[in-house]
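1. generate a structure from the sequence data that follows.
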Amino acid sequence: MVSAESRHIASATGKLGVLIPGLGAVSTTFIAGVEMIRKGLTLPYGSVSQMQTIRLGRRDEKRSPNIADFVPLAKLNDLMFFAWDIFPENAYEAAKKARVLTNEDLEKVRAELEAVTPMKAVFDQRFVKKLHGTHVKTGKTKHELAEQLREDIRQCRKKVSRLVMVWCASTEAYIERQAVHETVEGFERGLRENHDAISPSMIYAYAALMEGIPFVNGSPQLTVDIPALVELAKRKKVPIAGKDFKTGQTLIKTALAPAFKARMLGVRGWFSTNILGNRDGEVLDDPESLKSKIVSKSGPVEWILQPSVYPQLYKDLYHKVTINYYPPKGDDKEGWDHIDLFGWMGYPMQLKIDFLCKDSILAAPVVLDLALFTDLAQRAGMTGIQEWLSFYFKSPAHAENVYPEHDLFIQHAKLKNTLRWLMGEETITHLGVDYYQE
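-> Numbering: from 1, shown residues only. This next block holds a predicted model:
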C-alpha cells in the first residue's frame, strides 16, 4: 500500500454551474432528478458520488465513510444548470417530449425545469443528419462560433463560482483523426478556415478549455481526444474526460468479460444487439453516426480479454454489435447479448442476457458524478486527461503511450484509489477486497 500527503483542494463554496450542450432526454432527466432530490422526493440512486462508501485503511478499522462525506464535493443544492440546444423548448417541454419521466414526477419540478431555457446551439447537420435544428447560432467561421460560445460561458460565469461542461448532445458522424487535430495552432487555423473535420462538439470543447472550464464528452465521437485539445487542456490547466457514457449493455460487458478471463473461460462469440427509439436512436439511424457508436461499443471486450495474451481462449472470438432504431421503444432501450463460451475440455456453454432499461435513467447519475468529480479535479489542480474517471465511459480517454483500461473493477478501484490519494489516505492495491467488503 502507498500513502500520500493530502493534496491542496480549493474550497467548493459557492455555486457550481453545469453547462450542458444538448437539452434532451439525458440532460432533462438529470436536471429533474437533482431537483427532486433537493426537495426530498427521491434519493440519488445510481450515483457513486452520493450513495457509495469508501473503505479507508484495514478492514478491521471499520472506516467506510460515504464518498460525499470523505471528499469535498460540491453540494447538490449548489448546482445551477445552463444548456444549449438546437430546439428552443425549455427543460420541462423537452422532458415532456422525451417521455422518460412520468407527468406526475415532472409536475413536481415543473417550475425548476421551466427556468432552464437553452441558449442557441452550434450545429452542423453534416455531423447529425437526422436532426434539423431551428435554434442555432450563425457565424462566418467556426472560430466566430467558438467566440460566441465563449461569450455564453462568460455570461453564465457571472451567476456562479465555478463551471464544468458535460456534453449530453447527440452522437456525431464518425471522423478519423486528421492533420488539423494535431496541434493547437493548426486547430485554431482550421477554425478560422472552416475545416470540415472540426465538429460542433470540438468547438464546444475548445470554447470550454479556452475559458478554463473542464470538459466531459458523453458521446462516442472524436471530440476532446485529439492532440490539439489535449495539449490545450494542459496549457490552460483544465481537466478533460470522456468518452461515451457507460450505461447499459457496455456496463454489463465490462463486468462479465473480466469474470470470464478471471476463470479462464473461453469465448468463441459475442453477439450484441440494441433496440431503442428515442432521439439517440433516431440519430443513430444514420450510418455515419452509427459508426461512431459501434466503434465505441465494440472495443471493450477485446481490450479486456486480451486475445494476443490468451490466444487459446480468445484468438478466434467473433464479436458483433448492432443497433436498431425502433420508435415504439422510446427511451426504454433493450440490450440483448448472446455469448458462446467454452470450458473444461472445450465443452460449449451459452449465456443470454436481455437488459430492459431506461437509457436516460442510467445516464443521469453518471452526468452528476462526472460534473462533481471533474469540478473536484479542477479544484485539486489535476489537469489534462482524467483516466481515473474511466469507470464512467465506454471508450475511456487515455495517454497515447498506454492502452485504455476497460475492466469495470479495475476502473472502480482506480476511481477510489484516486480519491484516497487526494485525501492523503493509503491506496488499496489488492483489487477485489475493496469492492466486495464495502
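2. just the buried positions in stretch 146-160, please.
-> For stretch 146-160, the neighbour count (16 or more other C-beta atoms under 10 Å) marks 146, 147, 148, 149, 150, 152, 153, 156, 157, 160 as buried. For every residue, glycine as well, the C-beta is placed using N, CA and C.
3. secondary structure and distance to residue 234 for those residues - can I get that in JSON lines?
-> Output for the buried residues of stretch 146-160, formatted as JSON lines (DSSP: H, G, I helix; E, B strand; the rest coil; distance: C-beta to C-beta, whole Å):
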{"residue": "146", "secondary structure": "helix", "distance to residue 234": "19"}
{"residue": "147", "secondary structure": "helix", "distance to residue 234": "22"}
{"residue": "148", "secondary structure": "helix", "distance to residue 234": "25"}
{"residue": "149", "secondary structure": "helix", "distance to residue 234": "21"}
{"residue": "150", "secondary structure": "helix", "distance to residue 234": "19"}
{"residue": "152", "secondary structure": "helix", "distance to residue 234": "24"}
{"residue": "153", "secondary structure": "helix", "distance to residue 234": "20"}
{"residue": "156", "secondary structure": "helix", "distance to residue 234": "24"}
{"residue": "157", "secondary structure": "helix", "distance to residue 234": "22"}
{"residue": "160", "secondary structure": "coil", "distance to residue 234": "25"}
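4. out of these, which comes closest to residue 225?
-> residue 146 (18.2 Å; C-beta to C-beta).
5. give me the pLDDT for that closest one.
-> Predicted confidence (pLDDT) for residue 146: 98.
6. pretty sure it sits against residue 208.
-> No: between residue 146 and residue 208 there is no contact under C-beta atoms under 8 Å: 9.9 Å.
7. residue 380: which of the buried residues of stretch 146-160 is nearest?
-> Looking across those and measuring by C-beta to C-beta, the closest to residue 380 is residue 160, at 18.8 Å.
8. list the beta-bridge partners for residue 393.
-> residue 245 (DSSP bridges).
9. residue contacts, it?
-> The contact partners of residue 393, taken as C-beta atoms under 8 Å, 6 or more residues apart in numbering, are 241, 242, 243, 244, 245, 246.
10. any idea what sits nearest the third one, other than its immediate chain neighbours?
-> Excluding the flanking residues, the one nearest residue 243 by C-beta to C-beta, 6 or more residues apart in numbering is residue 217, at 4.2 Å.
11. and if you look at the last one?
-> Among residues not flanking residue 246 along the chain, residue 394 sits closest, at 5.0 Å (C-beta to C-beta, 6+ apart).
12. quick check: phi and psi at the one you found.
-> phi -70, psi -40 (degrees, to the nearest 10).
13. just residue 160 next, same as before
-> Per degrees, to the nearest 10, the backbone of residue 160 is at phi -140, psi 170.
14. mind listing what it touches?
-> 14, 15, 16, 17, 80.
15. residue 313 too?
-> Counted by C-beta under 8 Å, 6+ apart, residue 313 has contacts 261, 264, 265, 266, 267, 305, 307.
16. ok, of the residues you listed, which come out buried?
-> Buried among the contacts of residue 313 (16+ other C-beta under 10 Å): 261, 265, 266, 267, 305, 307.
17. mind listing which of these are in strands?
-> 266, 267 (DSSP state E).
18. run through the bridge partners of the residue nearest to residue 243.
-> residue 167, residue 242.
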